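[1] Whatever this is, show me its structure:
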Amino acid sequence: MSAAPRTGESLTSDAIVQSKAGGPAVVVVMPAYNAALTLERTCRDIPHEIVDHIILVDDVSQDETVDIARELGLDVIMHSRNRGYGGNQKTCYDRALEIGADIVIMLHPDYQYDATRIEALIEPIVSGRADLTIGSRFLGDPLAGGMPRWKYISNRFLTGVENLAFGLRLSEYHSGFRAYSRRLVESLPYHENSDDFVFDQQFVAQAVRGGFRIEEIAVPTRYFKEASSVGFRRSVVYGLSTLWVVADHILRLEGTRRARSSRKLH
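    Sure, this is the predicted structure:
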């Protein structure tokens, strides 16, 4: 966690992250926008004996996010223009791959997710059982943690639709706390995805089509005044976009099946 803060969007560097424990190199990436009020608390909970490097990509914040990140010694990349949540993650993963990450943890810096659960989050990947682990709020009681009821209902609905389409039985797809194997990130064409919030769902759909293994662990839910939260209108757009991702996934699978059938006939 000692890399010098950087400005701009160029990702050329000779820095290669080294594992502290001699195992896989674990890198946390944080897509950030106006996270000044919660960033330090989020970083304080990260188990630094396990995590080898922390990257923060700032999407033209209007507060002190970058200054605080620099004080914390994070590897800071500043976008020259706002590229959106998905565009931010693209830079995060490019940088993590560039420096040699074996496991990439995506963590929202808004302190909604319990970073002390990182060891449990990466365990399925370290053990070879999974390529993608999702920190699920719905393996506990998100309403008790302050999740608005309308968010709870919409999340349950979208998760049910995605489970049907993806052939999985997950409790949540909409978490801002995930871990990925390097093999997964390298294999997925994530630069083709949206620069908006639906990026996460496109990423999962790509992982499902690629045959990658997905697990989940429980994380507590934390909703409070300073934490970022998408409003109702943006949530409606996100929900409709998620349904589009599901429809696109089904159409792609159907196209693949037809192509295979056509090849067999010939």
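[2] Model confidence at His266, what's the number?
    pLDDT recorded at His266 is 58.
[3] Need phi/psi at Val76.
    Torsion angles at Val76 (phi, psi; degrees, to the nearest 10) stand at phi -100, psi 130.
[4] hey, where'd the strands end up in the stretch 151-266 of the chain?
    177-181, 214-218 (DSSP state E, counting those that start in this stretch).
[5] out of those, deepest packed?
    strand 177-181 (a mean of 24; mean count of other Cβ atoms under 10 Å). C-beta coordinates here come from the backbone N, C-alpha and C atoms, glycine included.
[6] what angle separates that strand from strand 214-218?
    Angle, strand 177-181 to strand 214-218, by axes from the mean of the first three to the mean of the last three Cα atoms, to 10 degrees: 150 degrees.
[7] which residue ranges form the helices in this protein?
    Ranges of helices in the chain, per DSSP state H, are 39-45, 65-71, 84-98, 118-126, 149-166, 182-187, 199-209, 232-265.
[8] Could you list every helix and strand that the fourth one packs against?
    Taking 3 or more Cβ pairs under 8 Å, 6 or more residues apart in numbering; DSSP states H and E as the contact definition, the neighbouring helices and strands of helix 118-126 are strand 26-32, strand 103-107, strand 132-136, strand 177-181, strand 214-218.
[9] ok, now the fifth one?
    Counting contacts by 3+ Cβ pairs under 8 Å, 6+ apart, the secondary-structure elements packed against helix 149-166 are helix 199-209, helix 232-265.
[10] and those, which one's lowest on average pLDDT?
    Least confident of those, judged by mean pLDDT, is helix 232-265 with a mean of 86.
[11] Arg234 and Ile118: what is the separation?
    28 Å (Cβ to Cβ, to the nearest Å).
[12] With neighbour numbers in mind, choose between the two.
    Legend: neighbour count by other Cβ atoms under 10 Å for Arg234 and Ile118, higher for Ile118 (24 against 12).
[13] give the contact list for the residue lying closest to that one once chain neighbours are set aside.
    Spatial nearest neighbour of Ile118, excluding adjacent residues (Cβ to Cβ, 6 or more residues apart in numbering): Pro47 at 5.6 Å. By Cβ atoms under 8 Å, 6 or more residues apart in numbering, the contact list for Pro47 reads 115-116, 118-119.
[14] so where is the protein shaky, pLDDT-wise?
    1-14, 226-229, 260-266 (pLDDT under 70).
[15] center of it - which residue?
    Centroid-nearest residue in the chain: Met106, 4.0 Å away (criterion: Cα atoms, centre = their mean).
[16] burial of Lys225, as a residue count?
    6.
[17] just Arg213 next, same as before
    Using other Cβ under 10 Å: Arg213 sits among 15 other residues.
[18] Then Ala21?
    Ala21 has 10 neighbours, counted by other Cβ under 10 Å.
[19] which ones are touching it?
    Residues in contact with Ala21 (Cβ under 8 Å, 6+ apart) are 49-50.
[20] returning to what we had before: how much space between the residue nearest to Ile118 and Ala120?
    Taking Cβ to Cβ, one finds Pro47 at 10 Å from Ala120.
[21] got it, and Lys90?
    Look at Lys90 and Ala120: by Cβ to Cβ, they are 27 Å apart.
[22] related to what we said a few turns ago, TSV for the helices and strands packed on helix 149-166, including distance to Lys20?
    Converted to TSV, the helices and strands packed on helix 149-166 look like this (distance: least, Cβ to Cβ, whole Å):
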stretch	distance to Lys20
helix 199-209	28
helix 232-265	37
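[23] Return the most buried member of these.
    helix 199-209 (a mean of 22).
[24] who does that helix touch, helix- and strand-wise?
    helix 84-98, helix 149-166, strand 214-218, helix 232-265.
[25] pull the CA atoms of it into CSV?
    Extracted as CSV, the C-alpha positions of helix 199-209 are listed here (Å, rounded to 0.1, in the frame of the first residue of the first chain):
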residue,chain,number,x,y,z
PHE,A,199,-21.9,-2.7,-15.4
ASP,A,200,-22.0,-5.1,-12.4
GLN,A,201,-24.9,-7.2,-13.8
GLN,A,202,-23.3,-7.4,-17.2
PHE,A,203,-20.1,-8.6,-15.6
VAL,A,204,-21.9,-11.4,-13.8
ALA,A,205,-23.8,-12.4,-17.0
GLN,A,206,-20.4,-12.6,-18.8
ALA,A,207,-19.1,-14.8,-16.0
VAL,A,208,-22.1,-17.1,-16.2
ARG,A,209,-21.7,-17.5,-20.0
